[in-house]
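**Q** Generate a structure from the sequence data that follows.
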Amino acid sequence: MAVETVMAQKYPNPAWLEAMMSQYWVGNYHQFLLDGNIEDSFLCPDIFAEGTAYQPGDLLPYRDLLINALLRSQFAAVFYYATATGLRVYRKDPKGNIVSVVYPKQAAKKVLEVEQFPLVLDDAVAGFAKDIPLTRDLIQNKNMEAFLKIETCLKTNWTGEGPDGTRTPMKVAVIVDSLDKILAGRGERTSQHLTEQVQRWAADAQIKGSGNLSIMIAENREHLPPELQADENGTFPIRVSFPDAPYREHYFRSIKSSSTILGPLLSKDADEKPLKRILQLTRGFKITDCVKIRNICDQVGGAGPSDPVYLSFFGSRDFDDDALENLVMKEKKDVIFANSKGMLQPIESDIKFDEIGGLGGLKEYFRGISGAILKRDQNVYYRETIPKGVLLAGPPGTGKTLLAKAVAHESGISLVKMGDIRSKWVGESEQNLTMVLSLLKEMAPIIVFIDEIDQAVGSRSTA
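**A** Residues are numbered from 1 along each chain as shown. This next block holds a predicted model:
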């Protein structure tokens with residue numbers, strides 16, 4: 001039985017969760033790789049809030065939402081492993097709340113009791129509690145030890161006491177967090193062994209037959225060995241995307257009645273123009289970034305213009321649409337810079353074509369592009385006339401950057417400058433490019449300005 005989806009849900013399940021559970025329940029895969037936006041928060045779906053302390057729309061960190069989703073489907077327990085915390089086990093208590101199980105040391109059993117889970121694995125945290133330096137070798141030894149225990153979990157056919165007192169089959173899920181960090185150093189023998197072990201889980205008939213589920217979490221799949229990145233090897237990769245406009249709209253609508261400053265501003269217009277504008281400005285934002293906007297509005301905006309930091313955030317003494325836009329644009333700089341690890345730099349522009357002297361032919365050409373961008377949703381013809389890229393060549397000081405700024409300003413979309421993505425380390429340049437392109441896709445439509453492209457992605461040469 002899959003995680004339920006109801007068409008009338010105000011807060012639906014995230015797309016990545018639906019994709020994973022659908023592939024699992026139809027029997028296509030029992031091992032998944034989740035990467036991308038894994039440090040964000042997500043809105044608690046309506047179905048998860050039933051019978052718990054959560055309210056629909058409450059924000060849950062990614063891992064908490066994942067554990068809740070698994071335990072509220074058909075999994076009796078979730079084994080969660082991270083190098084920093086060791087192995088933890090989560091289950092539902094009799095009231096339906098999610099709790100972390102603390103095991104006493106006793107003989108291993110393969111039975112899950114309703115009230116208390118007997119110890120199946122030794123506590124992996126104990127090794128980290130010793131007062132000894134955590135060298136890389138020691139950490140890798142602990143990883144190997146934990147992976148052996150995880151394999152035991154996955155291969156075990158669990159049973160538990162059903163409502164009528166009979167023994168019934170039960171399934172468990174295993175989550176391995178930060179797999180890219182655990183497998184760092186691909187040339188090392190230990191990392192190779194762990195990679196082979198994870199790959200073996202995906203193809204293991206005994207694990208598939210048990211119905212148990214394994215989930216690997218990584219920041220970026222490009223940092224993993226190639227054999228773990230493709231679904232033909234048995235591990236189904238799912239990219240956790242940044243929240244799209246409809247999902248961000250769910251969040252901003254949820255705070256209309258609770259936010260003292262931002263809520264009334266978003267509700268003041270019958271056509272919801274402020275809401276539509278903030279959805280446009282927050283492309284590429286995580287939900288946690290949207291929360292920062294709300295916090296600033298409520299804490300600083302609520303204090304009023306007398307607050308010494310008010311002007312630094314809003315740029316004016318009146319909290320209106322322009323003040324909100326100023327705030328979002330300031331935050332957007334930090335968001336883009338942080339998410340791209342400094343390889344994308346937002347550029348502000350208030351330059352119009354009429355303010356640029358000369359370049360008549362180029363200005364006319366770019367006016368046509370700007371107009372097509374503005375009308376792209378009205379007719380497919382305009383969308384087809386927008387070029388994928390334009391190469392401007394010329395000596396320094398001839399207006400290339402000014403034209404890029406004017407296009408961004410008059411078309412009303414963001415402009416970012418791409419920095420140097422190259423690295424001296426083998427494979428890292430390709431990883432940087434993949435990360436930047438993925439982020440740009442989340443922020444689309446957007447104009448990417450590459451200044452002096454011969455230096456940014458190549459080298460100047462007469463060859």
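**Q** So which bits of stretch 435-448 are buried?
**A** For stretch 435-448, burial by neighbour count (16 or more other Cβ atoms under 10 Å) applies to 435-436, 438-440, 442-443, 446-448. In this view, the C-beta of every residue, glycine as well, is placed from N, C-alpha and C.
**Q** Run through the stretch 251-400 of the chain and note the low-pLDDT ranges.
**A** 259-260, 268-271, 300-321 (pLDDT under 70).
**Q** and residue 375, what are its phi and psi?
**A** Main-chain dihedrals, residue 375, degrees, to the nearest 10: phi -100, psi 10.
**Q** surely it meets residue 386?
**A** No. Shown here, residue 375 and residue 386 do not form a contact pair, counting by Cβ atoms under 8 Å, at 10.0 Å.
**Q** So what's the residue count around residue 362?
**A** 17 (other Cβ atoms under 10 Å).
**Q** what's near enough to touch it?
**A** Residue 362 is in contact with 399, 403, counting by Cβ atoms under 8 Å, 6 or more residues apart in numbering.
**Q** cool, residue 351 as well?
**A** Contacts of residue 351 by Cβ under 8 Å, 6+ apart are 402, 405-406, 409.
**Q** can you redo the residues you listed as a markdown table with pLDDT and secondary structure?
**A** Converted to a markdown table, the contacts of residue 351 look like this (pLDDT from 0 to 100; DSSP: H, G, I helix; E, B strand; the rest coil):
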| residue | pLDDT | secondary structure |
| --- | --- | --- |
| 402 | 89 | helix |
| 405 | 89 | helix |
| 406 | 90 | helix |
| 409 | 84 | helix |
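**Q** Which one (most neighbours) among those?
**A** Top of the contacts of residue 351 by neighbour count (other Cβ under 10 Å): residue 406, with 26 neighbours.
**Q** In space, what's closest to residue 442 - neighbours in sequence excluded?
**A** Spatial nearest neighbour of residue 442, chain neighbours left out: residue 242 (4.1 Å); criterion: Cβ to Cβ, 6 or more residues apart in numbering.
**Q** cool, residue 65 as well?
**A** Nearest one to residue 65, counting by Cβ to Cβ, 6+ apart, is residue 42 at 4.9 Å.
**Q** Wait, the one you found touches residue 59, no?
**A** Yes. Residue 42 is within contact range of residue 59, at 7.2 Å (criterion: Cβ under 8 Å).
**Q** Report pLDDT for residue 424.
**A** Looking at residue 424, its pLDDT reads 75.
**Q** Over to residue 451. Which of the three states is it?
**A** coil (DSSP: H, G, I helix; E, B strand; the rest coil).
**Q** Go ahead and confirm it touches residue 417.
**A** Yes. Between residue 451 and residue 417 there is a contact at 6.2 Å, judged by Cβ under 8 Å.
**Q** Okay, helices next: where are they in the stretch 101-250 of the chain?
**A** With DSSP state H, counting those that start in this stretch, the ranges of helices along the stretch 101-250 of the chain come out as 126-129, 136-155, 179-182, 189-203, 205-210, 245-254.
**Q** what's the third one in contact with?
**A** With Cβ under 8 Å, 6+ apart as the contact definition, helix 179-182 has outside contacts at 33, 35, 83, 143, 176, 191, 194, 198, 216-221, 223-224, 228.
**Q** Now a PyMOL select for only the buried ones of the residues you listed.
**A** This is how PyMOL selects the buried members of those, with burial counted by 16+ other Cβ under 10 Å:
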select buried, resi 33+35+83+143+176+191+194+198+216+217+218+219+221+223+224+228
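**Q** Output stretch 440-456 as CSV - backbone C-alpha positions only.
**A** Provided in CSV are the C-alpha atoms of stretch 440-456 (Å, rounded to 0.1, in the frame of the first residue of the first chain):
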residue,chain,number,x,y,z
LEU,A,440,20.0,27.5,-13.2
LYS,A,441,17.2,25.1,-14.3
GLU,A,442,15.5,25.6,-10.9
MET,A,443,15.7,29.4,-11.3
ALA,A,444,14.5,29.5,-14.9
PRO,A,445,13.7,31.8,-16.7
ILE,A,446,17.0,33.5,-16.0
ILE,A,447,19.7,35.2,-18.0
VAL,A,448,23.2,33.9,-17.5
PHE,A,449,26.0,36.4,-18.3
ILE,A,450,29.5,34.9,-18.9
ASP,A,451,32.0,37.7,-19.1
GLU,A,452,35.2,37.0,-21.0
ILE,A,453,34.1,33.4,-21.8
ASP,A,454,37.5,32.6,-23.3
GLN,A,455,38.9,32.8,-19.8
ALA,A,456,35.9,31.5,-17.8
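**Q** can you tell me the average pLDDT over it?
**A** Stretch 440-456 comes out at a mean pLDDT of 76.
**Q** Equivalent analysis for stretch 78-89, please.
**A** Here the average pLDDT along stretch 78-89 is 88.
**Q** separation between residue 86 and residue 71?
**A** To residue 71, residue 86 is 20 Å away according to Cβ to Cβ, to the nearest Å.
**Q** More neighbours: which of these two?
**A** residue 71 (21 against 18).
**Q** show me the residues around that one that make contact.
**A** Neighbours of residue 71 in contact, by Cβ under 8 Å, 6+ apart: 77-78, 90-92, 98.
**Q** Mind doing that once more with 6 Å?
**A** 92, 98 (Cβ atoms under 6 Å, 6 or more residues apart in numbering).
**Q** What about residue 53, how many residues nearby?
**A** What residue 53 shows, counting by other Cβ under 10 Å, is a neighbour count of 9.
**Q** Is it correct that it falls within a helix?
**A** No. Counting by three-state DSSP, one finds residue 53 to be coil, located in no helix.
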